[in-house]
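Engineer: Sharing a sequence plus its predicted fold:
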2 protein chains.
Amino acid sequence: MSVPVIAIDAMGGDFGPHCIVPASLSCLVENPSLYLVLVGQASLLEQLVAQHPGIDRSRLKIVDAPETISMDERPAQALRGKPRSSMRVALEQVRDGNAKACVSAGNTGALMALARQILKTLPGIDRPAMVTALPTQGNPCLLLDLGANVDCPADQLYQFAVMGVVAAESLGRDQPRVALLNVGTEEIKGTQPVKQAAALLQQAPGINYRGFIEGDGLYRGEADVVVCDGFVGNVLLKSSEGLAGMLVAKVEALFRRSFGARIVGAMALPLLRRLRAELNPAQYNGASFLGLQGIVVKSHGGAGADGFKAAVRRAAEDVEHDLPGQLARRLGHYLGGSHPSAVGDDVTAADGEPSN
Amino acid sequence: MSVPVIAIDAMGGDFGPHCIVPASLSCLVENPSLYLVLVGQASLLEQLVAQHPGIDRSRLKIVDAPETISMDERPAQALRGKPRSSMRVALEQVRDGNAKACVSAGNTGALMALARQILKTLPGIDRPAMVTALPTQGNPCLLLDLGANVDCPADQLYQFAVMGVVAAESLGRDQPRVALLNVGTEEIKGTQPVKQAAALLQQAPGINYRGFIEGDGLYRGEADVVVCDGFVGNVLLKSSEGLAGMLVAKVEALFRRSFGARIVGAMALPLLRRLRAELNPAQYNGASFLGLQGIVVKSHGGAGADGFKAAVRRAAEDVEHDLPGQLARRLGHYLGGSHPSAVGDDVTAADGEPSN
């Protein structure tokens, strides 16, 4: 089993280092086998770490990166400028073998662009996809892509399906049921890329493809892996988050109307709030990038300390499962054996300088 | 004010005439100013109506249409074949001035195709959009399109925004806030059609355009009109429906765990179920087609009697507001005066034989 050394982009996200550093140190205390590399403005990070004197510094390293990528910066800017941004340096820790995974709460588009440039995609994969597990009435369902790719041709959707299958298998799911998100379950429904991806999946050997699924079927637990483009996946995730929040607010309002209702509310609301937390997986669990030669987990920009800690735990689990290694070994099988270089490679190793 | 004569496609939907006929008759009892035209297999409809002897037959007409369009029939089949389908004949009642609106629980794609062929779109509108009002933490929000158009270029999204504004104004909303659904609120986000539609809306005179919105912002009530393509809108609607259902199921399960929790559950569940109903507007309220020269309301195929009754009420309201007339009068203004023929026309009148 790999020792989980995790590089933390300590400057990213809406809350920045004042939230990320304490959250990271708390992970170090909770998990005695964890090693962290905090990447960012070293003097500031040292100062923040010094406020927690009990920390085991032998499992904590600080790497200086004086530049920060803002939340509204264009990916192209992040790629060309700022050679010493905390996000870039954290990803380089993974590329250079100093860390097994990178966690960032920063700008998603910049993280995607830099991760592709620095870590490269696995053979056979055009673009990485963001994935998370959504709660359903049955087993949790892996949904991808969540927003890394807004426009996806059929072969990308097919690659997402394959990566989702391997990720579900790594979670112990046998013969995971795969479905394409669509506006109906009949064959005539949908956009051209979705129909073409369906044709590819129908012919794919070893994939348990179940056809189209609608948003309600997803929450009924009718599939283990649901595939869509990043625009649709992001809208599904964000609207689910908003709806869960609204439901809790409406229930609170209903329960305030009378004394009896207030008593009921006091008992029911903790349950509802727990459900709301469960329904915000991107916020509470982090989302993994699949398809890179390395592990990258995106924490919700506005997640706060608990959300960031969950993202670090997610990264440690991905290291334990060696998700990129499993993907590399299995992609050749599912992608028709046309990528033999993927089989048996040590995909977490560096593959040279980043291209521009 | 127009007398609401509503043509009912009595054969459509998952439940068919045995559900639709009693639901329709119940609307007739509840609303003494309502007139209905039941369209379908006349002998069967007569038989079903005869089971309700108290009905005021002076406000009820039965029109024979021996053919039925199935739920999985391709729109092209519905257009070319079956000249006497209940859906076609019901729409022809509107075209010919015998009814002010048509309600169908049948195949959405076929209804869209037949409605365009028989009623035609308003000047300046390329394709109709399906709209419904979603509950939010603030005012209800009109969301369109809900699935009538899976792929939309920027100018169609713009037209949807304009129709949404007029529909919101007809509901009494002053200067309705319009937003485009996107994967982020920053200008750099989104697909090309969404970015181009944003550019069109920024320049549009008289439209209170507020920029991009995410799914969570929609449920926080940050806009009165939210515009997206039909694929995205359908996924948002269906997943919201599924999530609300799952929440209620999970809360029920939590409340069953102990005696105390069961008591709380017994008090809280009716509230939660009411919320679930409110959150299934397509199922419980029906969805209006906007942009046609006539009123067409789609009831959820599996909605049952209550859902169908709500769709009939929705149609009666659309007749009262003369939505197509208002749209025709206002579109010229918003679409830059390039469609003078739209101003002042009697748009609910027939416009000739359907083209093929």
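Structural biologist: Arrived safely, thanks for sending.

Engineer: what about the helices in the stretch 51-200 of chain A?
Structural biologist: Remark: helices assigned in the stretch 51-200 of chain A by DSSP state H, counting those that start in this stretch are A:75-80, A:86-95, A:108-119, A:154-170, A:192-203.

Engineer: For the most centrally placed residue in chain A, give the beta-bridge partners.
Structural biologist: Nearest to the geometric centre of chain A sits residue A:287, at 1.7 Å (CA atoms, centre = their mean). Beta-bridge partners for residue A:287, by DSSP bridges, are residue A:298.

Engineer: which residues does it contact?
Structural biologist: A:130-132, A:146, A:281, A:297-298 (CB atoms under 8 Å, 6 or more residues apart in numbering or on different chains). Just so you know, the C-beta spots here come from the backbone N, C-alpha and C atoms, and that holds for glycine as well.

Engineer: Just the closest of the residues you listed to chain B, please.
Structural biologist: residue A:146 (9.1 Å; CB to the nearest CB).

Engineer: pretty sure the closest one contacts residue A:133?
Structural biologist: No. Counting by CB atoms under 8 Å, residue A:146 does not reach residue A:133; the two are 11.1 Å apart.

Engineer: What sits closest to the residue in the stretch 51-200 of chain A positioned nearest to chain B if chain neighbours are left out?
Structural biologist: Chain B sits closest to residue A:183 of the stretch 51-200 of chain A, with a gap of 4.2 Å, by CB to the nearest CB. Leaving aside its chain neighbours, residue A:183 sits nearest to residue B:234 (4.2 Å; criterion: CB to CB, 6 or more residues apart in numbering or on different chains).

Engineer: now do residue A:115
Structural biologist: Nearest one to residue A:115, counting by CB to CB, 6+ apart, is residue A:296 at 4.9 Å.

Engineer: ditto for residue A:318
Structural biologist: In space, residue A:318 is closest to residue A:295, 4.6 Å off (CB to CB, 6+ apart).

Engineer: Quick one: the strands in chain A, in order.
Structural biologist: Under the criterion DSSP state E, strands of chain A are mapped to A:5-9, A:35-40, A:60-64, A:101-104, A:129-134, A:141-144, A:177-181, A:208-213, A:225-227, A:287-290, A:295-298.

Engineer: Can you name the residues that contact the residue nearest to residue A:318?
Structural biologist: Contacts of residue A:295 (CB under 8 Å, 6+ apart): A:94, A:100-102, A:288-289, A:315, A:318-319, A:323-324, A:348.

Engineer: Kindly reformat these as JSON lines containing neighbour count.
Structural biologist: Shown next, in JSON lines, are the contacts of residue A:295 (neighbours: other CB atoms under 10 Å in any protein chain shown):
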{"residue": "A:94", "neighbour count": "27"}
{"residue": "A:100", "neighbour count": "24"}
{"residue": "A:101", "neighbour count": "28"}
{"residue": "A:102", "neighbour count": "32"}
{"residue": "A:288", "neighbour count": "28"}
{"residue": "A:289", "neighbour count": "30"}
{"residue": "A:315", "neighbour count": "27"}
{"residue": "A:318", "neighbour count": "25"}
{"residue": "A:319", "neighbour count": "22"}
{"residue": "A:323", "neighbour count": "24"}
{"residue": "A:324", "neighbour count": "27"}
{"residue": "A:348", "neighbour count": "23"}
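
Engineer: I'd like the residues you listed as TSV, with pLDDT appended.
Structural biologist: Formatted as TSV, the contacts of residue A:295 follow (pLDDT from 0 to 100):
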residue	pLDDT
A:94	98
A:100	97
A:101	98
A:102	98
A:288	93
A:289	95
A:315	95
A:318	92
A:319	94
A:323	90
A:324	93
A:348	34
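
Engineer: pLDDT value on residue A:179, please?
Structural biologist: Note on residue A:179: pLDDT of 98.

Engineer: Is it bridged to anything, and to what?
Structural biologist: The partner residues for residue A:179, given DSSP bridges, come to residue A:226.

Engineer: quick one, what contacts it?
Structural biologist: Residue A:179 sits next to A:209-213, A:217-218, A:222-223, A:225-227 when contact means CB under 8 Å, 6+ apart.

Engineer: And those, which two are furthest apart?
Structural biologist: Maximum pairwise distance among those (CB to CB): 15.5 Å, between A:209 and A:218.

Engineer: Who has more neighbours out of the two?
Structural biologist: Neighbours per residue (other CB atoms under 10 Å in any protein chain shown) separate residue A:209 from residue A:218, with residue A:218 holding more: 27 against 20.

Engineer: Next up, the contacts around residue A:127.
Structural biologist: Residue A:127 neighbours (CB under 8 Å, 6+ apart): A:116, A:121, A:148-149, A:156, A:291.

Engineer: tell me which of those is nearest to residue B:332?
Structural biologist: For these, the nearest to residue B:332 is residue A:149 (39.5 Å; CB to CB).

Engineer: per-residue pLDDT, the closest residue to the closest one other than its chain neighbours?
Structural biologist: Excluding the flanking residues, the one nearest residue A:149 by CB to CB, 6+ apart is residue A:230, at 4.4 Å. pLDDT recorded at residue A:230 is 95.

Engineer: same check, this time on residue A:277
Structural biologist: 70.

Engineer: And for the residue nearest to residue A:188 when sequence neighbours are not counted, the neighbour number?
Structural biologist: Leaving aside its sequence neighbours, residue A:188 sits nearest to residue B:74 (CB to CB, 6+ apart; 5.4 Å). Residue B:74 has 16 neighbours, counted by other CB under 10 Å.

Engineer: now residue A:237
Structural biologist: Neighbour tally, residue A:237, other CB under 10 Å: 27.

Engineer: wait, isn't it in contact with residue B:215?
Structural biologist: Yes. Residue A:237 is within contact range of residue B:215, at 7.4 Å (criterion: CB under 8 Å).
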